[in-house]
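Provide a 3D model corresponding to the input given below.
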Amino acid sequence: MEFRSFDIQGPVEIVPRKIEDSRGYFSEIFRVEPFAVHAGKVEFVQDNQSLSVRPGTIRGIHFQTEPAAQGKLVRCLSGSVLDVAVDLRKDSPSYGRWIAVTLNPDTNNQLWIPVGFGHAFCTLEPNSVISYRVTNYYSPDHDKGVAWDDSDIGIDWPAIADPETLSAKDRVQPKLADLEAYFPVEGH
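Okay, the predicted model is just below:
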């Protein structure tokens, strides 16, 4: 496995090695020891899966607040997505900055998004399925978001990103400037 870091401290891309032969391939997707070295020790408690039928579907920017804050390990099982993590740690030098990785089954790569980051994605192909493991259970009382198109964040969405695909919840998320200070850098 290869672990790739970014200019923003926290997120990590995990690229598994494929062992291929005439039958197909084998790939070790997750191993706790090297993950802990590169991303920190975590315990996953819930697995989620999402299907987006249309290319250009936008979901996010989502996160949960304490005491139900979640780290997410995201991978794409079908199709392709641009997966985005936004630093929401108010006292971080990279506050409001974002990173993005294209996830697809061919590369089998994954993106670790730690607590203190918002998560969003845009589907690049029809019938894109993502799977993500989380470190805390879903809590509607702690479910929050940020506007997907906030110019203070400035995500470079793909040309096919279609605002018509936004959920009702994602259409009314606050701007970064109006967001409470939910996450300190210390402790995360």
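
Can you show me the strands along the chain?
Applying DSSP state E to the chain gives strands spanning 2-4, 12-15, 18-21, 24-27, 46-52, 58-64, 72-78, 81-87, 98-103, 110-113, 117-123, 128-134, 143-145.

Mind putting these into TSV with mean pLDDT and distance to residue 151?
The way it works is simple: take the backbone N, C-alpha and C, and place the C-beta from them, glycine included. Formatted as TSV, the strands of the chain follow (pLDDT from 0 to 100; distance: least, CB to CB, whole Å):
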stretch	mean pLDDT	distance to residue 151
strand 2-4	96	28
strand 12-15	97	26
strand 18-21	92	39
strand 24-27	92	39
strand 46-52	97	25
strand 58-64	97	13
strand 72-78	98	25
strand 81-87	98	13
strand 98-103	98	12
strand 110-113	98	22
strand 117-123	98	15
strand 128-134	98	26
strand 143-145	98	16
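
what's the closest of the ones you listed to residue 156?
In terms of CB to CB, the element of the strands of the chain nearest to residue 156 is strand 98-103, at 7.5 Å.

And the residue located most distally from the centre of the chain, what's its pLDDT?
Most distant from the centre of the chain: residue 22, at 33.2 Å, with distances by CA atoms, centre = their mean. pLDDT for residue 22: 96.

Need phi/psi at it.
Backbone torsions for residue 22, taken as degrees, to the nearest 10, come to phi -60, psi -20.

Residue 146: how many residues sit nearby?
With neighbours defined by other CB atoms under 10 Å, the count for residue 146 comes to 24.

ok, it touching residue 155?
No. Shown here, residue 146 and residue 155 do not form a contact pair, counting by CB atoms under 8 Å, at 10.2 Å.

Can you get me a residue count around residue 141?
Counted by other CB under 10 Å, the residues lying close to residue 141 total 7.

Fine by me, we can end here.
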